[in-house]
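Peer 1: output the structure for:
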Amino acid sequence: MFSILGIPKYDCQGIPKLFNARLAYMETWNERLKSARKNYGCTATELAKEIGVSNATVSDWENGVIKKMETENLLKICEFLKVSQMWLQFGRGDKFHSELTEDDRRALEINRMLGSKEKRAWYRAGNSLAEPDEGTNGK
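Peer 2: Next up, the predicted model:
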């Protein structure tokens, strides 16, 4: 490794240190997995049992010993922990995936076809339906 004025010229894999700043704060999929598991409130043992792997495998995933994961295991983890695949794998998008019903999908489809005036009426109608009636005390 060469140095310029005592500072290493190359820090990681031949990438100049100046351009390698993202590595200092970038969360890996391994760290996201550990965080998601803890947020879900399960132990590594429970995750291992649910996915069908050993405790050591989960530990190696979370500690970064294993750098790649099989797609089948990734999908099982995402389904069990209720997180999105894109977030877990790449750190992009929403952390949690939402499960839409057919009615939800149809409502979104209809909403996309409406003009701005119709959308405002749609939202007003939806908000009025969501508000509790005064005579029911919120029940």
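Peer 1: and T45, what element?
Peer 2: Element membership for T45 (DSSP states H and E) is helix 44-51.
Peer 1: for that helix, name the packing helices and strands.
Peer 2: Applying 3 or more C-beta pairs under 8 Å, 6 or more residues apart in numbering; DSSP states H and E, one finds that helix 44-51 contacts helix 55-63, helix 71-81. (Glycine included, C-beta is placed from N, CA and C.)
Peer 1: show me what the helix or strand encompassing I110 is packed against.
Peer 2: Assigned by DSSP H and E, I110 belongs to helix 102-113. Contacts defined by 3+ C-beta pairs under 8 Å, 6+ apart place helix 102-113 against no helix or strand at all.
Peer 1: in it, what's buried?
Peer 2: Buried residues in helix 102-113, counted by 16 or more other C-beta atoms under 10 Å: none are found.
Peer 1: next secondary structure element downstream of it?
Peer 2: Next along from helix 102-113, by DSSP H and E: helix 116-130.
Peer 1: which of the residues in that next one are buried?
Peer 2: By neighbour count with 16+ other C-beta under 10 Å, helix 116-130 contains no buried residues.
Peer 1: pull the residues that contact it.
Peer 2: Outside of helix 116-130, the residues within contact range by C-beta atoms under 8 Å, 6 or more residues apart in numbering are 111, 114.
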